[in-house]
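Colleague: I would like the atomic coordinates for the input below:
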Amino acid sequence: MLDEIDRTIVRRLQQNARLSNRQLARELGVADSTCLARVAALQDRGVITGFHATVDLGEIGRGVQAHVSIKIRPQALPTASAFCDAVEGLPDVVAVYMVTGEADLIAYVAVSSTDELREFVLRLARRPEIADIRSSIIYLSRRADVIEPIEGS
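Modeller: Residues are numbered from 1 along each chain as shown. Okay, the predicted model is just below:
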């Protein structure tokens, strides 16, 4: 369960992961050592899983992003987790999700052009596990800067 200090730590580090321990402690009104111990405890509990830089994909040559929905052949479903791992390891894949519904997996990909997206889809479609594959180009994407914990968690 997260108390108010933990919630503030999580919120502030999502806003700015480069915030110094000293500055964070000042904002919380606690000793530097207390703040450091709290952050370490949140990491140990798996609440904080890392500190990352947010990158503009267009600025690194990956201006075309898409969701690629993948339906796996029924006989390949027992190996869906391994297939998910294989897709995650592809260089153009930003994230992969195992989902319910029409598709079994959705891969979030970032490539340099629609031609590159087409090549990605065609390469993936050659795999024997694939029953169906569809892509949707992302025109606009927004993400919340801070995801607040749910009360009671």
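
Colleague: any low-confidence regions in this protein?
Modeller: Filtered on pLDDT under 70, the chain yields the residue ranges 153.

Colleague: what segments of it are strands?
Modeller: Counting by DSSP state E, the chain has strands at residues 64-72, 93-98, 105-111, 130-138.

Colleague: residues contacting Ala107?
Modeller: 67-68, 70, 87, 90, 93, 95-97 (C-beta atoms under 8 Å, 6 or more residues apart in numbering). Backbone N, C-alpha and C define where each C-beta goes, glycine included.

Colleague: need these in a markdown table (columns: neighbour count and distance to Arg45).
Modeller: What follows is the contacts of Ala107, written out as a markdown table (neighbours: other C-beta atoms under 10 Å; distance: C-beta to C-beta, whole Å):
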| residue | neighbour count | distance to Arg45 |
| --- | --- | --- |
| His67 | 16 | 31 |
| Val68 | 23 | 34 |
| Ile70 | 27 | 33 |
| Val87 | 20 | 29 |
| Leu90 | 13 | 32 |
| Val93 | 17 | 28 |
| Ala95 | 11 | 23 |
| Val96 | 21 | 25 |
| Tyr97 | 14 | 24 |
